[in-house]
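1. Just a sequence and a predicted model for now, questions to come.
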Amino acid sequence: MAEKAEKKETGKKAKENKEKQEKESKKKLERQVITLFIVLGIIFVSIVAFIISYQIGKQRPDFKYGDFSVYKERLEGTTVDFYIIPINVFGRELNVALRSDPRKIKDISMEINEELLDEIDEIWITTSPGLESDAIIATNEIGSFTGSIGLRTGYALTEVVGEYPVMKCENASAKKRVIEVRLGNSTKIYSEDKCIIVQGKDYEDMIKAADRFVILLLEKLIR
């Protein structure tokens, strides 16, 4: 009887320890997500302000990419070079800031139904909460552009974490586009039903794929 009671007590403690670890793991994940969304907010505000207010000092572009003039500039206070593309959207002058040289990402595979880029009421950009902060940079590459041209843009996660919005590919609809930024075996942009997947084989390629998607949207705008 004593041995049986001891086993029962051991099992109870093991269960309690497991529940405690799960709670701690969940809290840790929530803290990570909070940090990521704070970083996202800072990046978003900085980039949008940059897009709206930046004045290009050069008279001539560094190079042409298709119909676009591209200026290579460094954002003040950072060590990051941006590739700036001035555009006119609905009578507004904007400067689109990319982290990637458009010439070096033009061959990223795209298997996307371009009809998904038409008649959009809102866009949700989503990613897994388990990814590193570079995934947030990639989502922001897309979101800062779509927001700047007047599209309702929201950010979400693919899994429930605290009270953050959850959005998955299955939530996409005729008017609501879901763009999932993810890691995969290859770097490409493709569509699944009404959802658009922006995928990188690593975090560096994830950002490149996000920039390539922005260029696709730019090309769509000027057609």
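-> Structure received. Numbering: from 1, shown residues only.
2. Identify the spatial nearest neighbour of the residue sitting nearest the centre point of the chain, chain neighbours not counted.
-> By Cα atoms, centre = their mean, the mean C-alpha position of the chain lies nearest to Thr139, the distance being 1.0 Å. Closest residue in space to Thr139, ignoring its immediate chain neighbours: Ile125 at 4.6 Å, by Cβ to Cβ, 6 or more residues apart in numbering. Glycine gets a C-beta too; all of them are placed from N, C-alpha and C.
3. Locate that neighbour within the secondary structure: which element?
-> strand 122-127 (DSSP states H and E).
4. For that strand, the averaged confidence score.
-> When pLDDT is averaged over strand 122-127, the result is 94.
5. strand partners of it, parallel vs antiparallel please.
-> Sheet pairing here is set by DSSP bridges, and for strand 122-127 it gives strand 152-157 (parallel), strand 176-183 (parallel).
6. Run through the chain and note the low-pLDDT ranges.
-> 1-59, 75 (pLDDT under 70).
7. where do the helices sit along it?
-> For the chain, the helices defined by DSSP state H occupy 2-53, 102-105, 133-148, 203-222.
8. Spit out the contact partners of Asp134.
-> Asp134 sits next to Tyr203, Glu204, Met206, Ile207 when contact means Cβ atoms under 8 Å, 6 or more residues apart in numbering.
9. Buried subset of those residues, written for ChimeraX?
-> Selection of buried members from the contacts of Asp134 for ChimeraX, criterion 16 or more other Cβ atoms under 10 Å:
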select :203,206,207
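10. Now tabulate the contacts of Asp134 in CSV and tack on distance to Thr153.
-> CSV is the format used below for those (distance: Cβ to Cβ, whole Å):
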residue, distance to Thr153
Tyr203, 22
Glu204, 24
Met206, 18
Ile207, 18
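11. most packed of the strands paired with strand 122-127?
-> Among the strands paired with strand 122-127, strand 176-183 has the highest mean neighbour count (mean count of other Cβ atoms under 10 Å), at a mean of 22.
12. Tell me which residues are up against it.
-> Contacts for strand 176-183 (Cβ under 8 Å, 6+ apart): 116, 120-128, 131, 135, 138-139, 142, 158, 167-169, 171-172, 194-203, 206, 210, 213.
13. Glu170 and Pro129, how far apart?
-> 18 Å (Cβ to Cβ, to the nearest Å).
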